[in-house]
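Visitor: Test case, fold it:
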Amino acid sequence: MRIISREEFPEENKEQEDKPKQENLTPWQLANMEYLKQKALENGEPEIPSNTSEQLVEISNTSEPADDKNEETDFEDLPTAENGAEKDEEEPVKGPKNGSFLERLPNIKHERNRRLVRRSSILIGLFSIPAILLLYYISPLGKLGGVSVKGNEKISAEIIKKELNFTVGDNLWSQYFDRKDNVKNLKRQELQIENAEVHIDGFNHFEVQVKEYPEVAYLESNGKYSPVISNGKIIPIEVEKSDGELPILENFTGSKRILKVLEGYKKLTEEVKQGISQIKYAPTSENKELLEIFMNDGNKVLISIRDLGSKMKYYPQIAKEMNDKEIKGVVDMEAGIYSYPYNENSATEDSTQDSIDQSETPVGND
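Guide: The predicted model follows:
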């Protein structure tokens, strides 16, 4: 039997010698070799010669790790063509497709810097907010600088400021949070104040917007007058009587009955309102709600509180008939509607009976 040796096939031996020993290469070097081959094919260059592959093997076998020598291997100087020419500096060599550690290093540094900036911003913000609040608290902007009042007509601004109990120079926010209690105290002390709202004006000023109850009548007592507001309450102060603008009430003590009278008074026409001089509460044993209404033309009207809004609208017609007959007297609307002079009895006066036939109207017809 003849034994064939490898020397008889020099071509096969040459191919075996040209191939690099891949088992001596690291995975990174294998990936880099594959990348260089693909790059050469894309550029239309021939494959990497065998001597280049052998150089890569020798470099990988003889070089120590970068961490031990603190050095980085520069693969840009390796030949990429058969003539051994260096690559163009304007076209940097890229790593393998999956990316190398050197290529990922800038991104890792950027991510670390970004996280560092974000954490620093959070810490700076956490410490800055309390510092700013502390500076604001001790600065003049954190103290009340002044109080202004708007919307008041009957109550002076000085009285409103005093009852609200705001102190200029004290802490702004502590007084602002107590504003509701201060407004309650103001409404309790000043009955004419319907509501008050406190707002911050500018940086450290309060603006108080006041709403007052309107005056709807005057209560007469011993020749003195006190205003009556729209909720029926009597303001315990003395004022001068206005010239016919508001009705004068007499003998009223409770706000509930005053409200009933004012409710009927609102239903009257302006002509009738202007003709009323005074409304007197004059109850009898038969009628606890009887009113005596004194008119500016000299007549007097007897009417119940519940009928004030429905029957008083007929007064202009009755007053015209009485003027035509030159009669000044009483217009009784307590039961029906009839009139009689002051100096005669309603049962014996024939002239007043004529007005009964003409002006008597059933109660409740509006």
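Visitor: Could you pull out the strands in this protein for me?
Guide: 146-150, 193-201, 205-212, 215-221, 224-229, 248-250, 276-281, 290-295, 300-304, 329-332, 338-341 (DSSP state E).
Visitor: and the longest one, which strands flank it?
Guide: The strands beside strand 193-201 in its sheet (DSSP bridges) come out as strand 205-212 (antiparallel).
Visitor: buried set for the strand it pairs with?
Guide: Applying a neighbour-count criterion of 16 or more other Cβ atoms under 10 Å, one finds Phe206, Val208, Val210, Glu212 buried in strand 205-212. C-beta: built from backbone N, CA, C; applies to glycine.
Visitor: can you list contacts of stretch 302-322?
Guide: Residues outside stretch 302-322 that contact it (Cβ atoms under 8 Å, 6 or more residues apart in numbering): 257, 260-261, 263-269, 271-272, 275, 287, 289-293, 295, 297, 299, 301, 328-334, 337, 339, 355, 358-359, 361, 363-366.
Visitor: average model confidence for the lengthiest helix in the chain?
Guide: Scanning the chain for the helix with the most residues, using DSSP state H, yields helix 101-138. Helix 101-138 comes out with an average pLDDT of 78.
Visitor: now the strands of the chain as CSV including mean pLDDT and distance to Leu36?
Guide: Listed next are these as CSV, based on pLDDT from 0 to 100; distance: least, Cβ to Cβ, whole Å:
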stretch, mean pLDDT, distance to Leu36
strand 146-150, 94, 82
strand 193-201, 94, 73
strand 205-212, 95, 78
strand 215-221, 88, 102
strand 224-229, 89, 100
strand 248-250, 91, 112
strand 276-281, 92, 114
strand 290-295, 94, 117
strand 300-304, 95, 117
strand 329-332, 93, 124
strand 338-341, 89, 128
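Visitor: closest to Ser121 out of these?
Guide: strand 193-201 (30.7 Å; Cβ to Cβ).
Visitor: now that closest one against strand 146-150, angle please.
Guide: 140 degrees (axes from the mean of the first three to the mean of the last three Cα atoms, to 10 degrees).
Visitor: Low-confidence stretches in the stretch 251-366 of the chain?
Guide: Residue ranges of the stretch 251-366 of the chain with pLDDT under 70: 344-366.
Visitor: In TSV: the strands of the chain, plus distance to Leu172.
Guide: Conversion of the strands of the chain to TSV gives the following (distance: least, Cβ to Cβ, whole Å):
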stretch	distance to Leu172
strand 146-150	11
strand 193-201	8
strand 205-212	8
strand 215-221	35
strand 224-229	33
strand 248-250	45
strand 276-281	50
strand 290-295	53
strand 300-304	57
strand 329-332	63
strand 338-341	67
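Visitor: Between these, which one is closest to Asn185.
Guide: strand 193-201 (10.3 Å).
Visitor: For that closest one, which residues meet the burial criterion?
Guide: Ile193, Ala196, Val198.
Visitor: which residues sit against it?
Guide: 148, 155, 160, 164, 172, 176, 179, 182-183, 186-187, 206-213.
Visitor: quick revisit: which among the buried residues of strand 193-201 gets closest to His110?
Guide: Val198 (53.1 Å).
Visitor: beta partners of that closest one?
Guide: Beta-bridge partners, per DSSP bridges, of Val198: Val208.
Visitor: all numbers from here: first residue = 45
Guide: Will do, 45 is the new start, and the previous item becomes Val242.
Visitor: So what's the residue count around Asn209?
Guide: When neighbours are counted by other Cβ atoms under 10 Å, Asn209 registers 12.
Visitor: Let me know whether it touches Lys228 as I believe.
Guide: No. Here Asn209 lies out of contact with Lys228, judged by Cβ atoms under 8 Å, at a distance of 11.2 Å.
Visitor: so Gln219 makes contact with Gly213?
Guide: No. The criterion here is Cβ under 8 Å, and Gln219 misses it with Gly213 at 10.5 Å.
Visitor: Overlap in contacts, the two.
Guide: Common contacts of Gln219 and Gly213 (Cβ under 8 Å, 6+ apart): Leu188.
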